[in-house]
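# whatever this is, show me its structure:
(2 chains)
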There are 2 protein chains.
Amino acid sequence: MEIKTYIETHKERFLNELFGLIRIPSVSAKIEHKADMESAANYWKQLLLEAGADSASVMPTKGNPVVFAEKIISHQLPTVLVYGHYDVMPAEPFELWHSKPFEPEIRDEKIYARGADDDKGQAFMHAKAFEYLVKTNQLPCNVKFMIEGEEEVGSSSLEAFCIENKEMLKSDIILVSDTGMIAQDIPSITVGLRGLAYMQVEVTGPNRDLHSGIFGGAVANPANVLAKMIGDLINEKGQITIDGFYDDVEILTANERKKINAAPFDLEVYKKALDIEQVKGEDGYTTLERTGIRPTLDVNGMWSGYIQEGTKTVLPSKAYAKISMRLVPHQKPEKIAQLFEAHFQKHAPKSVKIKVEYLHGGDAYSSPTDSIAYLAAEKAYTQTFGKMPIPTRSGGSIPIITTFERVLGVKSVLMGFGLESDAIHSPNENFPLFNFFKGIETIPYFYKYFAEMQKK
Amino acid sequence: MEIKTYIETHKERFLNELFGLIRIPSVSAKIEHKADMESAANYWKQLLLEAGADSASVMPTKGNPVVFAEKIISHQLPTVLVYGHYDVMPAEPFELWHSKPFEPEIRDEKIYARGADDDKGQAFMHAKAFEYLVKTNQLPCNVKFMIEGEEEVGSSSLEAFCIENKEMLKSDIILVSDTGMIAQDIPSITVGLRGLAYMQVEVTGPNRDLHSGIFGGAVANPANVLAKMIGDLINEKGQITIDGFYDDVEILTANERKKINAAPFDLEVYKKALDIEQVKGEDGYTTLERTGIRPTLDVNGMWSGYIQEGTKTVLPSKAYAKISMRLVPHQKPEKIAQLFEAHFQKHAPKSVKIKVEYLHGGDAYSSPTDSIAYLAAEKAYTQTFGKMPIPTRSGGSIPIITTFERVLGVKSVLMGFGLESDAIHSPNENFPLFNFFKGIETIPYFYKYFAEMQKK
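Below is the predicted model of the structure:
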């Protein structure tokens, strides 16, 4: 049976199974969802067993468990290790969702839900591609699955898991769908990912909230101080002012930059989609370069004082910010975190106290475009989309990818089927049915070509 | 009967009555407390009738009602109008309170509760001082009470109320206890109050929250933009950078500044009480000047993005700040609000949209130290504290005081009995029993001396 026919026959069941997974609110950032993490892991175990795995288990870690499953046909054949994650981002702010984040709804040919794309929807495609190959006796290689539950909070238990289970995880390639493609008619393969250093800053002024009339003007206001320090982190040219921040940043050649800018990109369409009058970033770089090859710094959250309706004349005791930096190859998150903290400690006025925490991070990643895995993926896309995919660098991070390379000695191939408009990490996350089914259709070809080429 | 004996006899009842008032969570900033505003107003009406008012009524306004009560002995005698407010500040953050904000508790000889001082506790002293004078047949003048419910949100209905009820509110002096004194053994009378302009700023970047990896570095982050703009509002010298901000600021003479700095003030004690290493403010001014005679700007609240536990790599769509400026005589809040908005509109980068709202404001106030009212208050304090009170300028604002002068043509005398350590507007607001009872003891002497001196 052809994959297209298989999808057509089972599409309703596929969606129902995915919806069951989505309905488990497995938000790894929040402790109250601890039980949901277990439920989601068990759901995956069941999914993989039913799809045709020889064995599947929910393996404990110091954090959330990892689901491992495998089907070994022959030790003579190559092995593909599929990586994905069952945890999702928090869904706040809830009021901006048009339907409930954990009750999937199909509207305009898209699945709307937290995790619809990232990464429940995308990882689920692999379960179904695998199911097709097993059920139709076409599986051309061994397959292993490793589905974790801490990707959205820095995959902090996965490195130890990889070290402890190195033999079990042995494979020839790691296959990941947790990235995007340029457009529905422009397939692409991600060959670069930015690293991440995610920080939290706490500024303490007076030991309690004060009346801003009685004390205002005489006592440092931590909110004003923090705002000033954040403002000073980026200069007029859009450069990050932390000493040493750019030291390890790779300078790309004119030719490399040319390649990046060759990707289809329409600035007017981009601005219109975001409803912004102007883009903003580091001087001297295009938008594709700013998100692909340059490191950045963003406030992800900040809060201080009275933040409800009405007015309160308070001089707050504390002000907080969550600030993350996207890193490029050779920038080490731990070093960047130290430079960040040193910057804050150095520039803080003596009238406040500063506490800086490094919440999580990961290295940047880049992969070659002439490997067997890349060429197999390229061929698979060409088969199903009717055109060659474009290699791209994504601004996002999957910190664990570099760990895989370092610990397991295995490269990854990033076959992402998401779109920029999927609003991952945002309200109204969605995943078009087209992309979902096209993913299931494309993945089996990757197995086919990879097994063929690897054998040669 | 002496006032001291009267207090001793009735102190338990006084506290119970005050506690009943405090238990009504009359938070004017929040719409869900609408019914509590009515309850608090009715509680006051009952209090004043029982204390001996001829009549008392809860009078509707466009906002929360005003309680008006009076006892007219003779049109030949002078009339004192007591002003106070029954609304309180929001009590957030609740988790920092050591006891429930709306369940008063006496610890270490202090009443702990939201409103214990500001202004339930202080206004309540007047009800009891009045009760004493009526019940012991010593009331030397006519008395009117006007207790409003919108002081903490800018008294927005009170000007119209004064205009409509000018005749009813006719009086020789307005008596207010909504300020502080220097220390329990250093009585003081507030002769200056700062004005206020309270603003809210909304910065909009992209039309939805974005993934900070995919868009970070290419799209203006409204949190970074707002932080930068807040940071730039105050320069290295501690001066506010809004064009025209200082245009109408009165320059005090060396002699006036000398007087202000003559007030007892120990910088080391001040810093220790707040647990800060250094004070911070406008260059060239002392702490007393910074809070008394100079205008200031403080962030009262700011928020953007993900502000809960853990991490979320979001590039927020919106960032907000509540920013208020304390003003000095001659600075007009409406004009300052316009300058503030113009500043934000002018300096905002084109990559974001800015919305500025003027939430509320009020003029600064200053009063003479040679008026009959001042002299009567001075004599009253001297009687009960055994020493002359010091005239001080407070950093706080009671916006309505200047409106009274303009609309009713009547000056106010500010007999405040609060302490800086009362933590008004903060968690664990409190009011020492000493100050509470000393207030009830002192107020009747004001009536006595004011009536005597006014007659001459």
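# in contact with residue A:4, which residues?
By CB atoms under 8 Å, 6 or more residues apart in numbering or on different chains, the contact set of residue A:4 is residue A:441. For glycine as for every other residue, the C-beta is placed from the backbone atoms N, C-alpha and C.
# for residue A:376, see how far away it is.
Between residue A:4 and residue A:376 the distance is 20 Å, computed by CB to CB, to the nearest Å.
# check residue A:63 too.
33 Å.
# of the two, who's got more company?
Each of residue A:63 and residue A:376 has its neighbours counted (other CB atoms under 10 Å in any protein chain shown); residue A:376 has more, 25 against 21.
# and the more buried one, what is it in contact with?
A:413, A:446, A:449-450, A:452-453.
# which of those count as buried?
Those of these that meet the buried threshold are A:413, A:446, A:449-450, by 16 or more other CB atoms under 10 Å in any protein chain shown.
# related to what we said a few turns ago, which of the contacts of residue A:376 fall within helices?
A:446, A:449-450, A:452-453 (DSSP state H).
# show me where chain A dips below the pLDDT cut-off.
Along chain A, the model assigns pLDDT under 70 to residues A:456.
# could you list the domains of it?
A:3-193+A:364-455, A:195-249+A:295-362 (automatic domain parsing).
# need the ones you listed in JSON lines with distance to residue B:134, can you?
Shown next, in JSON lines, are these (distance: least, CB to CB, whole Å):
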{"stretch": "domain A:3-193+A:364-455", "distance to residue B:134": "53"}
{"stretch": "domain A:195-249+A:295-362", "distance to residue B:134": "34"}
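# which one of the ones you listed lies closest to residue B:266?
Among these, the nearest to residue B:266 by CB to CB is domain A:195-249+A:295-362 (13.7 Å).
# for that closest one, the distance to its chain's centre please.
Taking CA atoms, centre = their mean, to the nearest Å, one finds the center of domain A:195-249+A:295-362 at 24 Å from the center of the full chain.
# one more: stretch A:412-427?
For stretch A:412-427, the distance to the chain centre is 8 Å (CA atoms, centre = their mean).
# just the buried positions in it, please.
The neighbour-count check on stretch A:412-427 (16+ other CB under 10 Å) flags A:412-420, A:422-427 as buried.
# of these, list those near chain B.
A:420, A:423-427 (CB under 8 Å from any CB of the partner chain).
# in strands only, show me these.
Under the assignment DSSP state E, those contribute nothing to strands.
# can I get these in JSON lines including distance to residue A:97?
Formatted as JSON lines, these follow (distance: CB to CB, whole Å):
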{"residue": "A:420", "distance to residue A:97": "19"}
{"residue": "A:423", "distance to residue A:97": "10"}
{"residue": "A:424", "distance to residue A:97": "14"}
{"residue": "A:425", "distance to residue A:97": "13"}
{"residue": "A:426", "distance to residue A:97": "10"}
{"residue": "A:427", "distance to residue A:97": "5"}
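# between those residues, which is closest to residue A:131?
Residue A:131 lies nearest to residue A:424 out of those, by CB to CB, at 24.8 Å.
# residues contacting the closest one?
Per CB under 8 Å, 6+ apart, neighbours of residue A:424: A:89, A:117-118, A:418, B:211.
# who wins on neighbours among those residues?
residue A:418 (30 neighbours).
# ok, now how distant is the residue nearest to that residue when sequence neighbours are not counted from residue B:215?
The spatially closest residue to residue A:418, leaving aside those adjacent along the chain, is residue A:180, at 3.9 Å (CB to CB, 6 or more residues apart in numbering or on different chains). Separation of residue A:180 from residue B:215 (CB to CB): 12 Å.
# and if you look at residue A:445?
Relative to residue B:215, and taking CB to CB, residue A:445 is found at 31 Å.
# looking at these two, which has the bigger crowd around it?
Using other CB under 10 Å, the more surrounded residue of residue A:445 and residue B:215 is residue B:215, with 27 against 19.
# hey, what's the closest residue to that one other than its chain neighbours bridged with?
Leaving out its chain neighbours, the residue that sits closest to residue B:215 by CB to CB, 6+ apart is residue B:315, at 5.3 Å. Beta-bridge partners recorded for residue B:315 (DSSP bridges): residue B:210.
# mind listing the helices for the stretch 351-456 of chain A?
A:372-385, A:400-403, A:433-455 (DSSP state H, counting those that start in this stretch).
# mind listing what the residue nearest to residue A:418 touches?
A:188, A:190, A:394, A:416-420, A:422, B:214.
# distance of residue A:164 from chain B?
Per CB to the nearest CB, to the nearest Å, residue A:164 is found 25 Å from chain B.
# residue A:149 too?
13 Å.
# burial count for that residue?
Residue A:149: 29 neighbours (other CB under 10 Å).
# the residue nearest to it when sequence neighbours are not counted: what secondary structure?
Spatial nearest neighbour of residue A:149, chain neighbours left out: residue A:64 (3.2 Å); criterion: CB to CB, 6+ apart. Three-state assignment for residue A:64 (DSSP: H, G, I helix; E, B strand; the rest coil): coil.
# same deal with residue A:160?
Relying on three-state DSSP, one would call residue A:160 helix.
# is it true that it touches residue A:61?
Yes: taking contacts as CB atoms under 8 Å, residue A:160 lies within contact range of residue A:61: 6.9 Å.
# compare these two (neighbour count), which wins?
Shown here are residue A:160 and residue A:61; by other CB under 10 Å, residue A:61 has more neighbours (16 against 13).
# would you list the phi and psi of the more buried one?
phi -130, psi -180 (degrees, to the nearest 10).
# and what of the one 4 residues further on?
In terms of degrees, to the nearest 10, the main-chain angles of residue A:65 are phi -70, psi 160.
# gap between it and residue A:35?
12 Å.
# what do you get for residue A:304?
Residue A:304 sits 33 Å away from residue A:35, going by CB to CB.
# so these two - more neighbours on which side?
residue A:304 (29 against 10).
# how far off strand B:296-305 does the helix or strand hosting that one point, in degrees?
Residue A:304 is part of strand A:296-305 when elements are defined by DSSP states H and E. Counting by axes from the mean of the first three to the mean of the last three CA atoms, to 10 degrees, strand A:296-305 lies at 120 degrees to strand B:296-305.
# flag every residue of the stretch 101-250 of chain A that's near chain B.
Going by CB under 8 Å from any CB, the residues of the stretch 101-250 of chain A near chain B are A:152-154, A:180, A:194, A:196, A:198, A:205-221, A:223-224, A:226-234.
# filter these down to the ones in helices?
A:212-215, A:223-224, A:226-231.
# are any of those residues buried, and which?
A:212-215, A:223-224, A:226-231.
# what's the closest of the residues you listed to residue B:433?
Proximity of those to residue B:433 (CB to CB) peaks at residue A:214, which lies at 21.7 Å.
# residues in contact with residue A:113?
A:19, A:22, A:99, A:101-105, A:429-430.
# now with 10 Å?
A:18-19, A:21-23, A:88, A:91, A:97, A:99-106, A:120-121, A:428-431 (CB atoms under 10 Å, 6 or more residues apart in numbering or on different chains).
# now swap in residue A:259 and tell me
Here residue A:259 is in contact with A:252-253, A:369, A:390-393 (CB under 10 Å, 6+ apart).
# looks to me like it is in a helix.
Yes: judged by three-state DSSP, residue A:259 forms part of a helix.
# about what we covered before: please identify the most buried of the helices of the stretch 351-456 of chain A.
Mean neighbours per residue, mean count of other CB atoms under 10 Å in any protein chain shown, is largest over those for helix A:400-403, with a mean of 23.
# could you export that one as PDB, CA atoms only?
Provided in PDB are the C-alpha atoms of helix A:400-403 (Å, rounded to 0.1, in the frame of the first residue of the first chain):
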ATOM      1  CA  ILE A 400      20.100  18.900  23.000                       C
ATOM      2  CA  ILE A 401      21.200  18.500  19.400                       C
ATOM      3  CA  THR A 402      24.800  19.500  20.100                       C
ATOM      4  CA  THR A 403      24.700  17.200  23.200                       C
END
